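1. coords please:
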Amino acid sequence: MKKTILLSLLFSGFLSQAQNANPLKEKVYYSVSEALNSHKNATQLNLRDQHIFYVEENISQLQNLRFLNLMRNNLEKWDDAIFDLKKLEVLILKLNSMKYLPKNIGNLEKLIRLDLSNNSISYLPEEIIKLKKLRFLHLSLNSITSIPEIISDCKSLEVLELDNNQLSSLPESVSNLKNLKTLHLGYNQFNEFEQQLTRLNSLEDLSLEYNQLQEFPEEIGSLKNLKILMLNDNKLQKLPNRIVELKNLELLSLSNNKIEKLPEGIEKLDKLKTLILLGNPLSSSEKTRITKALPNCKVFFD
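-> Next up, the predicted model:
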C-alpha cells in the first residue's frame, strides 16, 4: 500500500507545487497589514499556518489580489470580505473546519484553482457554475455525498479531486467535462463503475482505489489518453479485455483485489512502467507470463 501511495504522489506532484505562491513572479506578503502598506497593489498573500480564526475585513481593500492561501488555520466560517476579491485566481482553504461552500463563491468568477480539501463540506452550491475559468477543484477529505448535475457547466475543469468523501454515484452530466484530465474518486462508496466516465476522452489520471467495485466495463478501452489507473483495494475478480487498448498507460495499481489472471494481449501495454499486483491470488505460471509479457515494466507481486 505504501508503494502505491508513493507512486501516485510522484505522478501528481505538480498539483502541490501549483498551490504555492511564486515569489519570483511577484512579491508574496504574509499579513494583511503588510500587503496594505504596499499601496494595495499586492497580488499574492500567504496566511497559511497562522492560527487565525477569521479573515480581517480590510482584506477587501486588496483589490489586485490574485493568490490567497489560508491553509491550515482555524477557520470555521466564510468571511464576506473574501468575496470582494474579484480578481482572485487561486484560493486555498485546505485543512480548516469549513462546513459548507456558500453561494457567494459565484462572485469569484476569475478563480482558476479552488482548494477546499480536508474540511467538513457536505455539498456544493449551484452557484459553482459561475466559475467558468475554474480548472482545478480540490475537494478531497470532506463529507460530500453527491455532486450536482450542473458541475458539467464548469467546462474548463482539468482536475477534480473527490477522494475521501461519501460518494456512491456521479451525475450523468460529468461526461460533459471534456477537458478533465485528472479525476480522483478513491476512498468513497462506489459499488459500480460509473459508465459516464468512459466518455471522458481527455482523462489521463483516474483513481478509484478503496471502493467496492466488483466489475470494470469493456468501455474503459475508450480512454486512450489514460496514463494512471488506480484500482487497488476493490473486489475485482477480472479486468476487461479492452484494458490492453490503453496504450499510454504508465501506472496500473491492482493490489488487494481477487484477480487470478490478466487479459491476453497485456504485452500491448508497452508504455507501462509500474504494475502493482500485490494481494491477488495469481498462480506462479501467471506471474511468469506477466513478467515475460512486460519486460520493461516493474511488476510487484507478493
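
2. CA only for contacts and neighbour counts going forward, please
-> Noted.

3. count of neighbours near residue 38?
-> Other residues within reach of residue 38, judged by other C-alpha atoms under 10 Å, total 11.

4. can you pull the contacts of it?
-> The neighbourhood of residue 38, defined by C-alpha atoms under 8 Å, 6 or more residues apart in numbering, contains no residues.

5. what's the spacing between it and residue 56?
-> In this structure, residue 38 and residue 56 are 17 Å apart, going by C-alpha to C-alpha, to the nearest Å.

6. Same question for residue 161.
-> The gap separating residue 161 from residue 56 is 29 Å, by C-alpha to C-alpha.

7. between these two, which one's more packed in?
-> Remark: of residue 161 and residue 56, residue 161 carries more neighbours, 20 against 15, as counted by other C-alpha under 10 Å.

8. Verify the contact between that one and residue 181 for me.
-> No - in this structure residue 161 lies outside contact range of residue 181 using C-alpha atoms under 8 Å: 10.9 Å.

9. List the residues that are in contact with both of the two.
-> Counting by C-alpha under 8 Å, 6+ apart, nothing touches both residue 161 and residue 181.

10. Neighbours of residue 250, how many?
-> With neighbours defined by other C-alpha under 10 Å, the count for residue 250 comes to 20.

11. Just to check, it is in contact with residue 225?
-> No - contact status for residue 250 versus residue 225: not in contact, 10.5 Å apart, counting by C-alpha under 8 Å.

12. Skip the chain neighbours and tell me the closest residue to residue 282.
-> On the basis of C-alpha to C-alpha, 6 or more residues apart in numbering, the spatially nearest residue to residue 282 that is not a chain neighbour turns out to be residue 260, at 4.6 Å.

13. what about that neighbour, neighbour count?
-> Residue 260 is flanked by 15 other residues according to other C-alpha under 10 Å.

14. That one and residue 251, how far apart?
-> With distances defined as C-alpha to C-alpha, the gap from residue 260 to residue 251 amounts to 19 Å.

15. Spit out the contact partners of residue 57.
-> Applying C-alpha under 8 Å, 6+ apart, one finds that residue 57 lies in contact with 79-81.

16. Can you tell me which of those lies closest to residue 290?
-> Compare each of the contacts of residue 57 with residue 290 using C-alpha to C-alpha and the shortest gap goes to residue 79, at 55.8 Å.

17. check contacts around the spatially closest residue to the closest one that is not a sequence neighbour.
-> Take residue 79 and drop its neighbours on the chain: the residue closest to it by C-alpha to C-alpha, 6+ apart is residue 55, 6.1 Å away. With contacts defined as C-alpha under 8 Å, 6+ apart, residue 55 is in contact with 79, 81-82.
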